Structure formats: structure tokens, C-alpha cells
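**Student:** give me a model of this one.
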Amino acid sequence: MKIGQPHGQGLKRIVGSGENDRRRYLLQECLEAYSDLDRVERERFQALLDSAPYQEVKTSMITTFEQGQIAGRRETALMQLEEKFGPLSLAVRHRVETFSADELRQLTRDLLKAQSLKELRLVD
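**Tutor:** Predicted coordinates for the structure are as follows:
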């Protein structure tokens, strides 16, 4: 199956299906597994998901399990930041709470060497 609008439309239908998180995740996994995309098609698919009309689809592809993992990483990062730098302002807490999984991963790496919140780009 070549990637493009039909593939994206299939994902949109799954998102709007009314199924629970687990069933939507399984349907999305099936669609992707049987799509047999090569590297270029997978990149086109990612670009499609990054476009405005498909933001809801991209968001729904994060499973409840993954959301739990991200919440755990966020909690750990906040705890480590407070341990190292003391009580955090609401602005810093809010900023960390908006981080993606990749940003949280990088933050925990950078935290090992950082000497200030400014170095971590969490304050101006």
C-alpha cells in the first residue's frame, strides 16, 4: 500500500470510530503493519501526520501506556530538578509539564551536567 491520503484517511476514521484507546491503538497498529512502507514512504507518512489536518491522529497514536510512561518521566524529572535546584517556580513546572517524551529524555540527560535552570533553558 502506498502512503498518502487514503492511509491518512484510514487513521482519521480509526480516531473517530468511538472505540476505546486500546482498540484504536490495535487498529492503528494493524493499518501500519500491513501497509509495508519503505523508508521514503514512512517519512512521507510522518510528514502527513505532522500536518495540521492530522494532528488529532498523531495525538491518538500515543497509547495510554506511553502516556503513563511520559507522566512517570515527567514526575521523575521534576523530582530531580527540585532535588538539585530546590523548589521550582510554577513557570518552570509548567514548562516541564509541556515537554514531549523526547524533550524529557534530553532534559534528564542534560540535568546530569547542568549547574543551573538557566543552563537547561528552563528560565530566562
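**Student:** nearest spatial neighbour of residue 85, chain-adjacent residues omitted?
**Tutor:** Leaving out its chain neighbours, the residue that sits closest to residue 85 by C-beta to C-beta, 6 or more residues apart in numbering is residue 117, at 5.7 Å. Placement of C-beta: from N, CA and C, glycine included.
**Student:** test my guess that the one you found contacts residue 123.
**Tutor:** Yes - here residue 117 lies in contact with residue 123, judged by C-beta atoms under 8 Å, at a distance of 4.6 Å.
**Student:** more crowded one of the two?
**Tutor:** residue 117 (19 against 14; other C-beta atoms under 10 Å).
**Student:** what secondary structure does the more buried one sit in?
**Tutor:** What DSSP: H, G, I helix; E, B strand; the rest coil gives for residue 117 is coil.
**Student:** please renumber so the chain begins at 17
**Tutor:** Let's use 17 as the start, then, which means that last one is residue 133.
**Student:** what sits against it?
**Tutor:** The neighbours of residue 133, taking C-beta atoms under 8 Å, 6 or more residues apart in numbering as the test, are 97, 101, 104, 108, 139.
**Student:** from those residues, which land in helices?
**Tutor:** Mapping the contacts of residue 133 onto helices (DSSP state H) picks out 97, 101, 108.
**Student:** chain neighbours aside, what residue packs nearest to the first one?
**Tutor:** In other words, residue 97. When the adjacent residues along the chain are set aside, residue 97 lies closest to residue 104, with 5.9 Å between them (C-beta to C-beta, 6+ apart).
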